[in-house]
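Visitor: Quick check, what structure comes out for this input:
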Amino acid sequence: MATASTRAARVDRRAQILRAAKQAFSQKGFHSASVSDIIERAGIARGTFYLYFESKRDVFDKLLEELLAELRACIRPIDLAPGSPQPVEQLKGNIMRVQELVLREPELFQLLLHQARGLDAQSAALVHAFYQRVLDLIERSLEHGMRIGLIRPCNPAIISSCILGTVKEVAGWLIAQGQPPPDREALVDEILNFGLRGLLAR
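Guide: Numbering: from 1, shown residues only. The predicted model follows:
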């Protein structure tokens, strides 16, 4: 019991440090934020910080890794097995989950969307690598959609960039509102209709 309790306490402390880092990075930017800013927000000693992370860059890396893992969990492959929901409904579910993630992690998305330009070269490379992994994830999803006949033939590299650009702008708009949209499903429907049908009237 003592070992399990200690392990749980370590997990909680690590999460506490990550939350504090997200706040510090989003408010001051990665370059300007310091370990002191993080430990002050976390309410811990400096030595405690270094029990869990090597540096503020290590914290930043872990935040990106966790965000990417959550994005992967949001985007589920389309299932065409008998009895499965309609493909459009499954796409809608993917968009809804991504929207909920943006609203749940506004500090980290704020950093990625609006403060990445102020990072130093090494940190900017981390953000670029993160976006590249997201593009790869979208591209693989597009290729899967073409294989099963759900998506028209297209250049997945170009279209994945278009999708990521749309996601980033909508995410920025959501964060700027400061509160969830009054009708989340209507927002998801608008995004889905734009992606599937564009703007031309039939």
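
Visitor: Regarding Q179, what are the backbone dihedral angles?
Guide: phi -160, psi 160 (degrees, to the nearest 10).

Visitor: for it, what are its contacts?
Guide: For Q179, the contact set (CB atoms under 8 Å, 6 or more residues apart in numbering) is empty. C-beta coordinates here come from the backbone N, C-alpha and C atoms, glycine included.

Visitor: Equivalent analysis for the one 10 residues further on, please.
Guide: In this structure, D189 makes contact with K92, judged by CB under 8 Å, 6+ apart.

Visitor: That one: helix or strand, and which one exactly?
Guide: helix 184-197 (DSSP states H and E).

Visitor: Can you give me the buried ones in that helix?
Guide: Across helix 184-197, burial judged by 16 or more other CB atoms under 10 Å covers 187-188, 191-192.

Visitor: so where's the chain shaky on pLDDT?
Guide: 1-2, 114-120, 122-123, 202 (pLDDT under 70).

Visitor: all strands of it, in order?
Guide: For the chain, strands defined by DSSP state E do not occur.

Visitor: Name the nearest residue to the residue nearest the centre of it, sequence neighbours excluded.
Guide: Residue closest to the average C-alpha location in the chain (CA atoms, centre = their mean): L67, at 4.7 Å. Distances taken as CB to CB, 6 or more residues apart in numbering place L108 nearest to L67, at 5.8 Å, with adjacent residues excluded.

Visitor: Tell me which residues touch that neighbour, please.
Guide: 22, 25-26, 63, 67.

Visitor: Let's have those residues in TSV, adding distance to R76.
Guide: TSV is the format used below for the contacts of L108 (distance: CB to CB, whole Å):
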residue	distance to R76
K22	25
F25	29
S26	28
L63	23
L67	17
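
Visitor: quick one: A171 from P106, how far?
Guide: A171 is 9 Å from P106, where distance means CB to CB, to the nearest Å.

Visitor: S55 touches S34, doesn't it?
Guide: No: the pair S55 / S34 is not scored as a contact, 10.6 Å apart, by CB atoms under 8 Å.

Visitor: Do you have the helices of the chain handy? List them.
Guide: For the chain, the helices defined by DSSP state H cover 2-28, 35-42, 46-52, 56-74, 87-104, 106-114, 121-147, 156-177, 184-197.

Visitor: Looking at these, which is nearest to L80?
Guide: helix 87-104 (7.1 Å; CB to CB).
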